[in-house]
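A.B. asks: whatever this is, show me its structure:
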Amino acid sequence: MPEAQHPKHALPLGYRLQEYELVRVLGSGGFGRTYLGYDHKLDRPVAIKEYFPSDHATRRTKDFSGVPQPIELRDKDKFEWWQHFLDEARTLARFDHRHIIKVYDFFEAHNTGYIVMEYAEGEPLSDFLDRKGVLTEGELKEILFPLLDGLKVVHGAKFLHRDIKPGNIVIRAEDASPMLIDFGAARQAIGVMNMNRAFTFLLTAGYAPVEQYPPEYWPRRDLRQGPWTDLYALGAVCYHALTGKEPPEAIARMINDPLVPLAERCSEDQASQGFLSAIDRALQVDEEARPQTIDAWLAELGPKPIPKPIPPRPGETFKDCAEGPQMVVVPPGWFMMGSPSSEEERYVAEGPQHRVEIGYGLAVGVNAVTFAEWDACVSGGGCNGYRPNDAGWGRGRRPVISVTWEDAQAYVSWLSSRTGHSYRLLSESEWEYVARAGTTTPFHFGETISTDQANYYGNYTYGSGRKGVYRALPVGPQGLGAQRSPEGRKGVYREQTLPVGSFSSNAFGLYDIHGNVWEWTQDCWNDSYLGAPGDGSAWLRGDCSVRVLRGGSWDSEPWFLRSAHRGRNPTGNRSLDYGFRVARCF
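C.D. replies: Residues are numbered from 1 along each chain as shown. Now for the predicted structure:
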């Protein structure tokens with residue numbers, strides 16, 4: 001926020017409150033303000049709410065730098081209601097529910113109170129509705145029912161929100177789930193102080209029921225606040241979501257109510273009559289005519305929507321069946337595919353470099369498919385009954401070898417049928433994206449490689465800075481590889497595969513992405529990247545009798561293990577160093 005817009009009396013940005021550094025002001029109101037903060041102890045963003053009722057306090061500063069001094073009180077007795085603000089924070093801190101804002105900390109400083117809360121990336125429901133327009137019953141239930149689950153926990157503790165409105169509901173960016181924020185504790189405190197002042201910031205017109213107004217507005221003197229108070233506000237939120245308009249202010253509805261019931265206003269194509277009538281009941285002006293509890297209202301609202309499966313987050317691992325491969329979710333992003341002209345042992349098929357974006361949910365096998373996983377396919381009637389020879393090295397957790405591209409297709413077909421999810425080979429661009437895992441060096445661990453990091457032909461080194469000797473390359477996936485290798489200290493040449501996971505993973509959680517076995521990809525062979533897709537999809541034009549292999553193997557010189565190196569071979573070829581890894585989208 002520019003300095004000219006910095007709210008009056010707000011603490012200066014960069015100021016430290018204990019371990020919390022203030023980053024910017026998120027919002028201000030008559031009761032105080034909320035800051036975006038950074039927790040230096042736990043390395044995370046937080047929201048920090050400061051109790052600062054503008055009618056009762058001002059802040060002095062020592063000099064132009066704006067270093068804050070304790071708050072100067074105009075009315076000390078009234079301002080000390082911040083103790084009630086912290087009491088309510090203590091109550092909120094007991095709640096641990098995904099759809100209720102989480103309180104991390106609260107404390108006293110500068111003669112007032114502060115609450116440190118979860119900072120939720122997302123957009124307010126008010127913005128969501130402006131962007132999306134009116135909702136259907138199914139869409140609204142996906143927001144309403146999770147909020148009711150969370151609010152039920154709050155009501156069970158004899159606590160009310162008192163300020164539910166679209167601006168106090170956040171739709172998370174990560175999974176579109178709703179979260180109730182800003183529990184209005186300070187509003188309640190200020191309201192108790194002075195029930196005769198203007199109420200523009202104490203409640204939100206259209207969403208607050210009559211019992212939240214001062215007694216002089218009440219139709220009778222025995223109005224009570226309770227769970228039905230929050231249900232009115234939620235009913236008003238539903239009204240807004242279904243019609244695109246806020247309901248009339250509650251005190252304007254006490255005589256000649258202008259509100260048209262939803263059951264008369266909305267079509268059955270948008271929502272069922274039972275659902276609309278339940279919302280109309282929550283919007284009754286008379287608090288005794290409303291449902292008195294969340295359970296009572298839920299019984300009227302009808303069945304809960306079938307919950308959508310929550311997609312796993314980047315870094316999370318899962319298995320779709322016990323005998324299938326373990327998968328890890330990789331983060332979306334973009335990278336420059338191919339190698340720069342300056343990269344040692346680069347060859348022409350690795351260019352030109354081009355941008356590729358992986359803008360979708362992608363999960364990749366943590367390891368290359370193992371013998372155990374392949375044998376489960378055969379036992380399950382798949383993989384054409386083919387049992388590849390293990391060359392006497394062992395089966396189990398060693399990567400399956402001697403498989404063709406067609407064999408790999410048979411495995412992903414069986415796995416898709418077994419799990420109900422669409423498994424496949426990685427595209428070539430996906431393979432390089434997950435191999436690099438955010439790096440731009442020849443290997444994900446840097447400029448060089450050693451046999452302590454991967455399984456390969458360790459009689460040669462890469463990146464030593466010394467010129468090597470020329471030698472002829474064998475026919476195989478190396479294809480158009482360079483004819484010179486840098487000569488240096490020899491490593492270990494193990495002359496066979498190792499069990500998967502024998503070395504450290506890369507930043508995306510993938511093991512053995514360099515070496516052990518060459519990995520088949522989905523792409524047809526092309527001699528360069530001219531015309532290659534930039535969206536992560538497989539390139540299915542070119543010579544499709546030949547497919548791309550990546551990663552090098554136990555029998556490859558180190559330069560073939562580079563993230564950018566491209567191998568290829570006919571789809572029907574088998575070799576002791578050919579394997580594969582699987583992927584699926586979600």
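
A.B. asks: doesn't residue 263 fall inside a strand?
C.D. replies: No - going by DSSP: H, G, I helix; E, B strand; the rest coil, the assignment for residue 263 is helix, not a strand.

A.B. asks: for it, give its distance to residue 247.
C.D. replies: Distance, residue 263 to residue 247, using CB to CB, to the nearest Å: 14 Å. Quick note: C-beta positions are derived from backbone N, CA and C, even for glycine.

A.B. asks: more crowded one of the two?
C.D. replies: For residue 263 and residue 247, the more surrounded residue by other CB atoms under 10 Å is residue 247, and the numbers stand at 23 against 17.

A.B. asks: isn't that one right up against residue 236?
C.D. replies: Yes - using CB atoms under 8 Å, residue 247 is in contact with residue 236, at 5.1 Å.

A.B. asks: shared neighbours of those two, which are they?
C.D. replies: Taking CB atoms under 8 Å, 6 or more residues apart in numbering as the criterion, residue 247 and residue 236 both touch 206-207, 283.

A.B. asks: now flag whichever of the residues you listed is closest to residue 100.
C.D. replies: Closest approach to residue 100 among those (CB to CB): residue 207, at 18.1 Å.

A.B. asks: got the buried residues for the longest strand seen in the chain?
C.D. replies: Counting residues, the longest strand found in the chain (DSSP state E) is strand 20-29. By neighbour count, with 16 or more other CB atoms under 10 Å as the criterion, the buried positions of strand 20-29 are 20-23, 25, 28-29.

A.B. asks: and the residues you listed, which two are furthest apart?
C.D. replies: When the buried residues of strand 20-29 are compared pair by pair using CB to CB, the two farthest from each other are 21 and 29, 22.6 Å apart.

A.B. asks: could you say what helices and strands the longest strand of the chain packs with?
C.D. replies: strand 32-39, strand 44-51 (3 or more CB pairs under 8 Å, 6 or more residues apart in numbering; DSSP states H and E).

A.B. asks: what strands line up against the first one, and which way round?
C.D. replies: Which is strand 32-39. In the sheet containing strand 32-39, its partner strands are strand 20-29 (antiparallel), strand 44-51 (antiparallel), by DSSP bridges.

A.B. asks: contacts for the shortest one?
C.D. replies: Okay, so that is strand 44-51. When contacts are defined by CB under 8 Å, 6+ apart, strand 44-51 is touched by residues 11, 17, 20, 22-23, 26, 31-39, 82, 85, 104, 112-120, 182, 186, 189.

A.B. asks: quick check, residue 300 in a helix?
C.D. replies: Yes - Residue 300 forms part of a helix when assessed by three-state DSSP.

A.B. asks: wait, what's in contact with it?
C.D. replies: Residues touching residue 300, when contacts are defined by CB under 8 Å, 6+ apart, comprise 274, 277-278, 281, 291.

A.B. asks: which SS state does the closest residue to residue 426 other than its chain neighbours fall under?
C.D. replies: In space, residue 426 comes closest to residue 583 once its chain neighbours are excluded; the distance is 4.6 Å by CB to CB, 6 or more residues apart in numbering. Secondary structure state of residue 583, per three-state DSSP, is strand.

A.B. asks: mind pulling up the pLDDT for residue 583?
C.D. replies: As summarised for this prediction, residue 583 has a pLDDT of 98.

A.B. asks: any idea how far it lies from residue 577?
C.D. replies: When distance is defined by CB to CB, residue 583 is 21 Å away from residue 577.

A.B. asks: taking the centroid of the chain, which residue is nearest it?
C.D. replies: residue 174 (3.6 Å; CA atoms, centre = their mean).

A.B. asks: pull the contacting residues for the closest residue to residue 359 other than its chain neighbours.
C.D. replies: The shortest distance from residue 359 to any residue other than its chain neighbours is 5.4 Å, reached at residue 332 (CB to CB, 6+ apart). Applying CB under 8 Å, 6+ apart, we find residue 332 in contact with 314, 358-362.

A.B. asks: for PyMOL, what selects the buried ones among those residues?
C.D. replies: To isolate the buried members of the contacts of residue 332 in PyMOL, using 16+ other CB under 10 Å:
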select buried, resi 314+358+361+362
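
A.B. asks: ok, so of the contacts of residue 332, who is nearest residue 506?
C.D. replies: Distances from these to residue 506 were compared by CB to CB; the smallest belongs to residue 314, at 13.4 Å.

A.B. asks: residue 329 versus that closest one, what's the distance?
C.D. replies: Summarising the geometry, the distance separating residue 314 from residue 329, computed by CB to CB, is 5 Å.

A.B. asks: got it, and residue 232?
C.D. replies: When distance is defined by CB to CB, residue 232 is 41 Å away from residue 329.

A.B. asks: the more surrounded of the two?
C.D. replies: Just comparing residue 232 and residue 329: by other CB under 10 Å the higher neighbour count belongs to residue 232, 25 against 20.

A.B. asks: please give the element, helix or strand, for that one.
C.D. replies: Assigning secondary structure by DSSP states H and E places residue 232 in helix 227-243.

A.B. asks: what helices or strands is that helix leaning on?
C.D. replies: Using 3+ CB pairs under 8 Å, 6+ apart, the elements in contact with helix 227-243 are helix 125-132, helix 137-156, helix 262-265, helix 273-282, helix 294-301.

A.B. asks: show residues contacting the longest one.
C.D. replies: It refers to helix 137-156. Contacts made with helix 137-156 from outside it, assessed by CB under 8 Å, 6+ apart, are listed as 95, 97-100, 125, 135, 160-161, 169, 171, 176-180, 227, 230, 234, 237-238, 241-242, 270-272, 275, 293-295, 297-298, 301, 304-305, 308.

A.B. asks: give me that answer again for 7 Å
C.D. replies: Outside of helix 137-156, the residues within contact range by CB atoms under 7 Å, 6 or more residues apart in numbering are 95, 97, 99-100, 161, 169, 177-178, 180, 227, 230, 234, 238, 241-242, 270-272, 275, 294, 298, 304-305.

A.B. asks: what of the shortest one?
C.D. replies: Helix 262-265 is touched from outside by 239, 242-243, 273, 276-277, 279-280, with contacts defined as CB under 7 Å, 6+ apart.

A.B. asks: repeat that with 10 Å
C.D. replies: Around helix 262-265, the neighbours that count as contacts under CB atoms under 10 Å, 6 or more residues apart in numbering are 235, 238-239, 242-243, 245, 247, 259, 270-281, 283.

A.B. asks: just the buried residues from these, in ChimeraX please.
C.D. replies: Those of those that count as buried under 16+ other CB under 10 Å are selected in ChimeraX with:
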select :235,238,239,242,243,247,259,270,271,275,276,278,279,280,281,283
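
A.B. asks: return the helix or strand in this structure with minimum mean pLDDT.
C.D. replies: Every helix and strand of the chain was ranked by mean pLDDT, DSSP states H and E. The lowest is strand 469-470, at a mean of 30.

A.B. asks: residue 130 against residue 244, yeah?
C.D. replies: Yes - using CB atoms under 10 Å, residue 130 and residue 244 qualify as a contacting pair, with a distance of 9.1 Å.

A.B. asks: which neighbours do residue 314 and residue 329 share?
C.D. replies: 361-363, 508-509.

A.B. asks: out of the residues you listed, which sit inside strands?
C.D. replies: Using DSSP E, the members of those that fall within strands are 362-363.

A.B. asks: tell me the two of the shared contacts of residue 314 and residue 329 that are most distant?
C.D. replies: Using CB to CB, those reach their maximum pairwise distance at 361 and 509, which is 15.3 Å.

A.B. asks: next, count neighbours for residue 528.
C.D. replies: Residue 528 is flanked by 13 other residues according to other CB under 10 Å.
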